[in-house]
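In: Here is my input; please provide its structure:
(chains A and B)
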Amino acid sequence: NAGVTQTPKFQVLKTGQSMTLQCAQDMNHEYMSWYRQDPGMGLRLIHYSVGAGITDQGEVPNGYNVSRSTTEDFPLRLLSAAPSQTSVYFCASKEGLLGELFFGSGTQLSVL
Amino acid sequence: KQEVTQIPAALSVPEGENLVLNCSFTDSAIYNLQWFRQDPGKGLTSLLLIQSSQREQTSGRLNASLDKSSGRSTLYIAASQPGDSATYLCAAEANQAGTALIFGKGTTLSVSS
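Out: Numbers count the residues shown, from 1 in each chain, chains lettered A, B, ... in the order given. So this is what the prediction gives:
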């Protein structure tokens, strides 16, 4: 099993550009989530999904969209990138609400 | 709102020492608590998961305990090694359906040889 796979690993955007961060897991996990990690702020939840077709907002959802058309994939879309979205983004998944959370290796995003 | 705090923010110890990392949470109504390790520039690796009905979990030189009534968890590392140097994060699963883990900001551990 590859676990949780994130692409790309690094990305540089200009203000106003849009892009999609990809996340895929091959563990048949129901639950998937996106976090951002910033110095001094720790990990903060952006969006999460408890199954295909079901998504909900986390602590910092503004400026981001998600969809969950399949169990395996949970892409994160930045509609109009802003410098405040410069961060490291992590995707994570787990089996059921009470399972162990597994993380991808992260995407380092810089918005100029 | 659940808040998770980790003290100290940084810790330096010589190789071979036993050490304890602390994690506290404000809402004792949690489903579980999970400890992670993060190496610089890397993702998070799960170390131990403690369900709310459990008091502790062990894996090798690591032992994590959970005391819901006092809102505390500890991660005990025995016979520390330089390879243990990393940031350790704890996260509490709030007791609400469809929610997610709330993370502390971590303790950065440095073990010198």
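In: chain center to the helix or strand bottoming out on mean pLDDT in chain B, what's the gap?
Out: Least confident helix or strand of chain B, by mean pLDDT, DSSP states H and E, is strand B:101-103 with a mean of 88. Offset of strand B:101-103 from its chain centre (C-alpha atoms, centre = their mean, to the nearest Å): 11 Å.
In: quick one: is that strand near chain A?
Out: Yes - applying C-beta under 8 Å from any C-beta of the partner chain, one finds strand B:101-103 touching chain A at B:101, B:102, B:103. Glycine gets a C-beta too; all of them are placed from N, C-alpha and C.
In: Keeping just the C-alphas, turn stretch A:69-78 into PDB.
Out: Extracted in PDB, the C-alpha atoms of stretch A:69-78 (Å, rounded to 0.1, in the frame of the first residue of the first chain):
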ATOM      1  CA  SER A  69     -16.500  12.000  -5.800                       C
ATOM      2  CA  THR A  70     -14.700   8.800  -4.900                       C
ATOM      3  CA  THR A  71     -13.500   7.100  -1.700                       C
ATOM      4  CA  GLU A  72      -9.900   7.300  -2.800                       C
ATOM      5  CA  ASP A  73      -9.500  11.000  -3.800                       C
ATOM      6  CA  PHE A  74     -10.000  14.300  -1.900                       C
ATOM      7  CA  PRO A  75      -8.600  17.200  -3.900                       C
ATOM      8  CA  LEU A  76      -8.200  20.700  -2.400                       C
ATOM      9  CA  ARG A  77      -8.800  23.700  -4.700                       C
ATOM     10  CA  LEU A  78      -7.500  27.200  -4.200                       C
END
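In: hmm, that stretch in reach of chain B?
Out: No - using C-beta under 8 Å from any C-beta, stretch A:69-78 stays clear of chain B, with a minimum separation of 13.0 Å.
In: So which bits of that stretch are buried?
Out: Judged by neighbour count (16 or more other C-beta atoms under 10 Å in any protein chain shown), stretch A:69-78 contains these buried residues: A:71, A:72, A:74, A:75, A:76, A:78.
In: Tell me the one of these nearest residue B:30?
Out: Nearest to residue B:30 out of the buried residues of stretch A:69-78 is residue A:74 (C-beta to C-beta; 24.4 Å).
In: mind listing what that closest one touches?
Out: Residues in contact with residue A:74 (C-beta atoms under 8 Å, 6 or more residues apart in numbering or on different chains) are A:23, A:24, A:25, A:32, A:33, A:34, A:49, A:66, A:68, A:91, A:93.
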